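*Asks:* Okay, here's the prediction I keep looking at, along with the sequence it came from:
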Amino acid sequence: MSRQLDSMLQELDKEIAPGRDLWPAIENGLDRSSVPAAPQRPWLPWALAASLLVTTLGGFLGGRLSSPAPQAPLLGVLTQLQMQHDARRQRLETRLTPAMVHAGTTPGALAASEALASIRSAEQELYTALTQQPDNPELLQLWLWVQQRELDLIQKQQLRHQRLQQL
């Protein structure tokens, strides 16, 4: 069977010629543009511009609504300032001796203690307000001023007690 196939293959023509001359049709096809013209879309540039505008505005507004922007670093600074103030107050209060605490029963000492409590209350209220509005410079200045007055009052109480001890 394979010999028969081999003989049939050898009898076949080596080339198959087309029934007509195809070259002129191929030349005409090459002369014409092979890429068809794109359909006209006059609205396409406007659609691209509108989508770019919507994307830009969405990103801008979304970013502003979701980020806590400048308040996070300011809150960290406020916390550090509060910790420094507490440390200074602790250092001053550790100088108080038991005799100084006992001497706090005089009318002048009671008034000073009440003033100190009032200042501490104001300082805490201002700190709470600052955590809500950390970028308010007037509130920050007032808070720092009240902190300094508190430290000054503690020092004055200590000086007063030292003077009383000397008498």
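*Replies:* The structure has been received and is ready for your questions.

*Asks:* burial of residue 130, as a residue count?
*Replies:* Neighbour count of residue 130, defined by other C-beta atoms under 10 Å: 20. Heads up, the C-betas are built off the backbone N, CA and C, glycines and all.

*Asks:* repeat for the one 3 residues further on
*Replies:* Here the count is done by other C-beta under 10 Å, and residue 133 has 12 residues near it.

*Asks:* Which residues are in contact with it?
*Replies:* By C-beta atoms under 8 Å, 6 or more residues apart in numbering, the residues touching residue 133 are residue 139.

*Asks:* Check the chain for its longest helix and report it.
*Replies:* helix 137-166 (DSSP state H).

*Asks:* Quick check: which helices or strands does it pack against?
*Replies:* helix 71-94, helix 98-102, helix 107-132 (3 or more C-beta pairs under 8 Å, 6 or more residues apart in numbering; DSSP states H and E).

*Asks:* so where is this protein shaky, pLDDT-wise?
*Replies:* Flagging of the chain using pLDDT under 70 yields the residue ranges 31-38, 63-72, 96-109.

*Asks:* mind listing what's buried in the longest helix of the chain?
*Replies:* Buried positions in helix 137-166, judged by neighbour count with 16 or more other C-beta atoms under 10 Å: 139-140, 142-143, 146-147, 150, 153-154, 157-158, 160-161.

*Asks:* So what would you say the end-to-end distance of stretch 4-21 is?
*Replies:* Separation of the first and last residues of stretch 4-21 by C-alpha to C-alpha, to the nearest Å is 34 Å.

*Asks:* i'd like the first residue to be 53 from this point on
*Replies:* Fine by me, first position is 53 from now on; the one you just mentioned is stretch 56-73.

*Asks:* before we move on, back to that, can I get the buried residues of helix 189-218 in a markdown table including distance to residue 107?
*Replies:* Output for the buried residues of helix 189-218, formatted as a markdown table (distance: C-beta to C-beta, whole Å):
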| residue | distance to residue 107 |
| --- | --- |
| 191 | 38 |
| 192 | 38 |
| 194 | 44 |
| 195 | 43 |
| 198 | 48 |
| 199 | 48 |
| 202 | 53 |
| 205 | 58 |
| 206 | 58 |
| 209 | 64 |
| 210 | 65 |
| 212 | 68 |
| 213 | 69 |
